[in-house]
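Peer 1: Need the 3D shape of this:
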Amino acid sequence: MGLFKGMKDMKQAVEGAPGMIDQSMQMGQQAQEMAAAQQAAAQAAAAQAQQAPAAPVTGADAEPIAGVSLEQFADVCKGLAAHGYDQSKGPEVAAEKGIAADAWQQALDGWNERIKSNPALAQQFNRLYTGK
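Peer 2: Have a look, this model is predicted:
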């Protein structure tokens with residue numbers, strides 16, 4: 001008797017399989033749609049964050065380093081483009097803008113550290129550098 005009951009149960013499982021497969025496929029499709037919606041939302045948020053102008057950084061992170069403001073730092077960095085971004089030309093470009101070599105080195109080190117540790121300051125530098 002157990003054999004017939006097992007076969008009957010197996011027959012019911014096989015008969016129900018197409019419905020379970022359809023349900024599984026629907027759940028998979030819903031998961032893909034949800035993932036696509038989440039990805040689109042993340043992309044929209046990233047685009048909005050890039051478009052929204054961030055407030056200028058103030059406080060200690062905005063203070064000049066060795067007398068060199070963030071604006072001057074960005075200006076010297078842009079000036080390096082004429083020299084193929086050769087960092088060894090930094091003191092020369094800085095001197096053309098009235099910044100002493102030792103002050104430039106301090107400013108270079110300091111601004112790079114601040115920019116690495118403060119994303120808002122990095123955005124502000126990027127706006128100054130690109131003019132956007």
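
Peer 1: What ranges in the protein fall below the confidence cut-off?
Peer 2: 1, 45-54 (pLDDT under 70).

Peer 1: in it, which spans are helices?
Peer 2: 2-51, 70-79, 90-96, 101-117, 119-130 (DSSP state H).

Peer 1: Ok, which of those helices comes nearest G59?
Peer 2: helix 119-130 (10.2 Å; CB to CB). Bear in mind the C-beta positions are built from the backbone N, C-alpha and C, glycine included.

Peer 1: buried set for that closest one?
Peer 2: Of the residues in helix 119-130, 121, 123-125, 128 count as buried by neighbour count, 16 or more other CB atoms under 10 Å.

Peer 1: Who are the packing partners of it?
Peer 2: helix 70-79, helix 101-117 (3 or more CB pairs under 8 Å, 6 or more residues apart in numbering; DSSP states H and E).

Peer 1: what separates it from the chain centre, distance-wise?
Peer 2: Counting by CA atoms, centre = their mean, to the nearest Å, helix 119-130 is centred 13 Å from the centre of its parent chain.

Peer 1: With stretch 32-49 instead?
Peer 2: 14 Å.

Peer 1: How about it, which residues are buried there?
Peer 2: In stretch 32-49, counting by 16+ other CB under 10 Å, buried: nothing.

Peer 1: Chain neighbours aside, what residue packs nearest to A55?
Peer 2: A120 (7.7 Å; CB to CB, 6 or more residues apart in numbering).

Peer 1: Just put the helices of the chain in TSV and tack on distance to D61.
Peer 2: As requested, the helices of the chain are arranged in TSV below (distance: least, CB to CB, whole Å):
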stretch	distance to D61
helix 2-51	20
helix 70-79	9
helix 90-96	21
helix 101-117	5
helix 119-130	5
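
Peer 1: Could I get the contacting residues of G16?
Peer 2: By CB atoms under 8 Å, 6 or more residues apart in numbering, the contact list for G16 is empty.

Peer 1: cool, E15 as well?
Peer 2: Here E15 is in contact with no residue (CB under 8 Å, 6+ apart).

Peer 1: Distance of it relative to M25?
Peer 2: Here E15 is placed at a distance of 18 Å from M25 (CB to CB, to the nearest Å).
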